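Novice: A structural model of the following input is requested.
(one chain, ligands or ions: 1)
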Amino acid sequence: MNLVTIDAKKCQGHALCVALMPSVFQVDDSGMGYVAVATVPTEYRADLDEAILACPERAIKSSA
Ligand code: F3S
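Specialist: Residues are numbered from 1 along each chain as shown. As a prediction, this is how the structure comes out:
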């Protein structure tokens with residue numbers, strides 16, 4: 001499992017994370033990203049890494 005967080009101070013609502021992993025990332029009513037599922041199974045690690053790299057604000061962090 002990978003524990004995922006979005007730094008609300010960095011997120012600018014680009015939503016690339018949502019486009020790549022909508023089962024994990026969502027945007028709230030104000031258009032900012034949040035983590036809907038905080039623990040991502042290890043088999044989705046590659047998708048998670050792609051979402052982390054896609055964020056222009058480097059707002060997404062994960063730890064194993
Ligand atoms: Fe925010 Fe980055 Fe996603 S700016 S909405 S965490 S792509």
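Novice: quick one: contacts for whichever residue of the chain sits closest to the ligand?
Specialist: Closest residue of the chain to the ligand, C-beta to the nearest ligand atom: Gly33 (2.7 Å). Every C-beta, even on glycine, is put in place using the N, C-alpha and C of the backbone. Neighbour list for Gly33: 6, 11, 13-15, 17-18, 25-27, 59 [criterion: C-beta atoms under 8 Å, 6 or more residues apart in numbering].
Novice: Give me the neighbour count for the nearest residue in space to Cys11 that is not next to it in sequence.
Specialist: Leaving aside its sequence neighbours, Cys11 sits nearest to Ala59 (C-beta to C-beta, 6 or more residues apart in numbering; 4.3 Å). With neighbours defined by other C-beta atoms under 10 Å, the count for Ala59 comes to 20.
Novice: got it, and Val40?
Specialist: Around Val40 sit 20 other residues, with neighbours defined as other C-beta under 10 Å.
Novice: Off-centre distance for the longest helix seen in the chain?
Specialist: The helix spanning the most residues in the chain, taking DSSP state H as the definition, is helix 45-54. The chain centroid and the centroid of helix 45-54 are separated by 8 Å, computed with C-alpha atoms, centre = their mean, to the nearest Å.
Novice: Let me know the next secondary structure element after that helix.
Specialist: Stepping forward along the backbone from helix 45-54, the first helix or strand reached (DSSP states H and E) is strand 60-63.
Novice: That following strand near the ligand anywhere?
Specialist: Yes: using C-beta under 6 Å from any ligand atom as the criterion, contacts between strand 60-63 and the ligand involve Ile60.
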